[in-house]
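In: Got a predicted structure plus its sequence, pasted below:
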Amino acid sequence: MKENCENKLAQILKNIFSVTDADYSHKLIRIFGIRLRILKPSNKKRITTDYTKYKDLTDIPKAQGFLREYQLCLLSILKEFDRICTQKNIRYWLSGGTLLGAIRHQGFIPWDDDVDVDMMREDYENFIETFNSSTSNPDLYCELYRDKNAPATCILKIRHKKIRQAFVDIFPHDFYIKDVRGNEKIKLNKELTTIRKRLSRSIFRINDTKKLLEKLKYLTNEVINKGQFPNEENHPTVHWGLDFPHRWANWLYDYEQIFPIRRTVFEGYQFCIPSDADFMLKNMYKEYMNLPKSICPHHTDENAFTQEEKEEVKRIASMEII
């Protein structure tokens, strides 16, 4: 009886306040049901270069040491991803900090440690099978990732079997039923953000991943698109999928801002980017040619790599140096 009471008390206290690892680079603090992701202090110490001395950010040199080796490891995964997409006529485009790096640095942002790509839903839904049956690298595989610390967050990741922290994130996009502008676009954007905020509340958590995916599909097809099937020939509005709680204020893009996809240089290779990359970057980062407030890796913990993983990263990097 005493042990049961102590366990119940511990659970109550945990629900009131707790600190756990959210991922490799962040701590998750829970206070009365509110979740806060805090970057680990050790990540802020990984960058020793004073980037503020560079008036032109395009002059900033590439990362050095292990971070650079890790970036080249991610590059090898991105190259395999691009090879398969090109072979299968799958449209994708660099997104987030990866797109910013391509435009501003022609490669990785010097302090960045992840790769983001976007894909339309039609290809996204079949991509796990497509990638896993087509990759020529036995160490790579694609899977659906469910964030255990978030009620309704799930995306695709291409992972490396020998390096736990090496992956490429793939985010889905959906077509709306038509092209919207002006007040109609503002209304649709509000609807999308409201639905996503509700999904992010713990009270609405759906533990069964299959049921969660069915819920997301229902919301997209029946609630947002009102049961109508989008026709791409009409160049409909494109929006971020509900699968991930993006922090962007605007979830919408005009068809012509994404398509036709074009290619640009990233780390000496050609990869796909949206037609109007400038608009997308301003939508996400505003003045993207300025230094951000936080200049450090945000996705990995260098101390969490095993010696074997570091050696594998170094081996892959040595093959990617150009």
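Out: Nice, I can see it. Residues are numbered from 1 along each chain as shown.
In: what sits against N43?
Out: The contact partners of N43, by Cβ atoms under 8 Å, 6 or more residues apart in numbering, come to 25, 296-298, 301. The way it works is simple: take the backbone N, C-alpha and C, and place the C-beta from them, glycine included.
In: same thing but at 10 Å, please
Out: 24-26, 111, 113, 294, 296-303 (Cβ atoms under 10 Å, 6 or more residues apart in numbering).
In: Going by secondary structure, it is in what exactly?
Out: Here N43 is covered by helix 41-44, with elements defined by DSSP states H and E.
In: Only the buried residues of that helix, if you could.
Out: Buried residues in helix 41-44, defined by neighbour count with 16 or more other Cβ atoms under 10 Å: N43.
In: Format the CA atom coordinates belonging to that helix as CSV.
Out: These are the backbone C-alpha positions of helix 41-44, laid out as CSV (Å, rounded to 0.1, in the frame of the first residue of the first chain):
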residue,chain,number,x,y,z
PRO,A,41,24.2,24.5,-22.8
SER,A,42,26.9,22.2,-24.2
ASN,A,43,25.7,22.9,-27.7
LYS,A,44,26.3,26.6,-27.3
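In: Quick check: buried residues in the helix or strand following that helix?
Out: Heading C-terminal from helix 41-44, the first helix or strand you meet, by DSSP H and E, is helix 65-87. In terms of neighbour count (16+ other Cβ under 10 Å), helix 65-87 has its buried residues at 66-82, 84-85.
In: average pLDDT across the helix holding N43?
Out: Across helix 41-44, pLDDT averages out at 77.
In: Off-centre distance for that helix?
Out: Distance, stretch centre to chain centre, for helix 41-44: 21 Å (Cα atoms, centre = their mean, to the nearest Å).
In: Stretch 81-99 too?
Out: 13 Å.
In: End to end on it, go ahead and measure it.
Out: 15 Å (Cα to Cα, to the nearest Å).
In: do the same with stretch 144-153
Out: 10 Å.
In: Please tell me I have it right and R198 contacts F204.
Out: Yes: if you go by Cβ atoms under 10 Å, R198 and F204 touch, sitting 6.1 Å apart.
In: Make sure M289 is actually in contact with L281.
Out: Yes: M289 lies in contact with L281 (Cβ under 10 Å); the separation is 9.1 Å.
In: Overlap of the contact sets of the two?
Out: Common neighbours of M289 and L281 (Cβ under 10 Å, 6+ apart) are 100, 103-104.
In: how about those residues in a markdown table, adding secondary structure, pLDDT and distance to K178?
Out: Shown next, in a markdown table, are the shared contacts of M289 and L281 (DSSP: H, G, I helix; E, B strand; the rest coil; pLDDT from 0 to 100; distance: Cβ to Cβ, whole Å):
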| residue | secondary structure | pLDDT | distance to K178 |
| --- | --- | --- | --- |
| L100 | helix | 97 | 30 |
| I103 | helix | 97 | 30 |
| R104 | helix | 96 | 34 |
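In: Which stretches in this structure count as helices?
Out: Assigned by DSSP state H, the helices in the chain fall at 2-16, 41-44, 65-87, 96-105, 121-124, 127-134, 182-199, 209-218, 255-258, 277-285, 307-320.
In: The last one to helix 65-87, inter-axis angle?
Out: In this case it means helix 307-320. Here the directions of helix 307-320 and helix 65-87 differ by 60 degrees (axes from the mean of the first three to the mean of the last three Cα atoms, to 10 degrees).
In: What about T130, how many residues nearby?
Out: 18 (other Cβ atoms under 10 Å).
In: where does it land on pLDDT?
Out: 98.
In: Residue numbering should commence at 197 henceforth.
Out: Sounds good: first residue 197 from here, last item T326.
In: Not counting its neighbours along the chain, what's nearest it?
Out: Excluding its sequence neighbours, the residue lying closest to T326 (Cβ to Cβ, 6 or more residues apart in numbering) is K284, at 5.9 Å.
In: What of Y250?
Out: Once flanking residues are discounted, Y250 sits nearest to I256: 5.1 Å by Cβ to Cβ, 6+ apart.
In: ok, now how distant is the one you found from M480?
Out: To M480, I256 is 20 Å away according to Cβ to Cβ, to the nearest Å.
In: Also I457?
Out: 18 Å.
In: Look at those two and report which has more neighbours.
Out: M480 (18 against 12).
In: So what's the residue count around the closest residue to the more buried one other than its chain neighbours?
Out: Closest residue in space to M480, ignoring its immediate chain neighbours: W444 at 5.6 Å, by Cβ to Cβ, 6+ apart. Applying other Cβ under 10 Å, we find 14 residues neighbouring W444.
In: what does N421 give?
Out: Count around N421 with other Cβ under 10 Å applied: 17.
In: One more: the one 5 residues further on?
Out: The tally of other residues near P426 (other Cβ under 10 Å) stands at 17.
In: how about low-confidence regions in the stretch 247-396 of the chain?
Out: In the prediction, the stretch 247-396 of the chain carries no residues with pLDDT under 70.
In: Try it again at 90.
Out: 247-249, 251, 344-347, 396 (pLDDT under 90).
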